[in-house]
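[1] Fold the following and give me the result.
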Amino acid sequence: MSELALAVFASETGTHLVRPPAGVRWAAHVRDFDARAYEERLAARGFRFLARSSAPFPPLLRAIHDPPAGLYVRGAADLELLSRPAVAVVGARACSGYGASVARGIARELAATGLVVVSGLARGVDAEAHRGALEAEGTTVAVLGCGIDRDYPAAHGELARRVAETGLIVSEYAPGVEPAPWRFPARNRIVAGLCAATIVVEARERSGALITADLALEEGREVFAVPGEITSALSSGTNGLLKLGASPLTCAADVLSCFGLEPPEKPAHSSELIELLPATADELVRLTGTPASAIARALVELELAGLVIAAEGVYRAA
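    From the prediction side, this is the model:
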């Protein structure tokens, strides 16, 4: 029986299935399911279904111990995008300003080299990772924990639209499936499964980002954690990962080396910004005449190098 039938059945019954179950309910579903008609309805709404057994299905995701029967897809990019070298960038929803800045800057640099940035469209670190990739005019993939027809949270509808213009939004859940707490840990295995490396920017002790990291470790993938203040609850999870053997992330080059890539060319005169501090990013744009994106990238690099600190939107020399 088709994997589409299995994916639809799992969505309708709220179950997590890797292979067809036994029982009369499944038998009745198989008997009545019209795969061609269902795919036509998907296409009419701008969605596609990528079966696990099909050639374009990403091999890294197929290799995990419980891959989805398939992925529902929306977006303009070719399905080949899901098999390109990718990095997951995940972390706290209620992240700090520093965490948001690091997530956005790292994602921007990774995307500028051609890597695909994968995250979960959630508030905080996830959203900043998608935005950073888009700023670099790179590609990003958003993995949903609800039906493919939903933007969750709804406030990220515009961000989802931008992601879908050049990248892809994917979900193992059929249209109409509501978000539920148990679906997000399941979603995280897809985030990790699509990627050769996972970066955790900020995470509390019980953060969902740690589930993504654990899943990546179980599959033998690279895991990086951004070191944080030992007194901050937002750093307890990432610092814990470092104790367990995750690689510390201090710059994009730490990740790029895993892919045999060189960091993108740094903006000129980034160190000269220190002489203009304290100042806000907007003030630095006006003072230097440099594009806002280049200023933001330079400030992230200086922060990661420990040369600059930010508080309440004001940057100061460390």
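[2] which residues in the stretch 1-150 of the chain form helices?
    3-13, 24-32, 35-44, 59-62, 97-112, 125-135 (DSSP state H, counting those that start in this stretch).
[3] Identify, out of the ones you listed, the most deeply packed stretch.
    Highest mean neighbour count of the helices of the stretch 1-150 of the chain: helix 125-135, a mean of 27 (counted as mean count of other C-beta atoms under 10 Å). All C-beta spots, glycine's among them, are computed from the backbone N, C-alpha and C.
[4] what is the orientation angle of that one with helix 97-112?
    If you take axes from the mean of the first three to the mean of the last three C-alpha atoms, to 10 degrees, helix 125-135 sits at 40 degrees to helix 97-112.
[5] so what pLDDT did the residue sitting nearest the centre point of the chain get?
    Relative to the mean C-alpha position of the chain, the nearest C-alpha, by C-alpha atoms, centre = their mean, is the one of Ser119, at 1.1 Å. On pLDDT, Ser119 comes in at 98.
[6] ditto for Thr140
    Reported pLDDT for Thr140: 98.
[7] Residues in a beta bridge with it, which ones?
    Counting by DSSP bridges, Thr140 forms beta bridges with Val117.
[8] burial measure for it, as a count.
    32 (other C-beta atoms under 10 Å).
[9] so which of the helices of the stretch 1-150 of the chain comes closest to Leu194?
    helix 59-62 (5.3 Å; C-beta to C-beta).
[10] tell me the contacts of Leu241?
    Taking C-beta atoms under 8 Å, 6 or more residues apart in numbering as the criterion, Leu241 is in contact with 200, 203, 210, 213, 223, 225.
[11] still on that earlier bit, next, find the distance separating the residue nearest to the centre of the chain from Val201.
    10 Å (C-beta to C-beta, to the nearest Å).
[12] One more: Tyr38?
    Applying C-beta to C-beta to Tyr38 and Val201 gives a distance of 39 Å.
[13] ok, back up a step: biggest separation within the contacts of Leu241, which pair?
    Ala203 and Val223 (11.6 Å).
[14] hang on, the earlier thing: hang on, the residue nearest to the centre of the chain packs against Val90?
    Yes. Taking contacts as C-beta atoms under 8 Å, Ser119 lies within contact range of Val90: 6.0 Å.
[15] joint contacts of those two?
    Common neighbours of Ser119 and Val90, using C-beta under 8 Å, 6+ apart, are 125-126, 129, 191.
[16] Tabulate those (CSV), appending distance to Phe9.
    Below are the shared contacts of Ser119 and Val90 laid out as CSV (distance: C-beta to C-beta, whole Å):
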residue, distance to Phe9
Val125, 33
Asp126, 29
Ala129, 33
Val191, 23
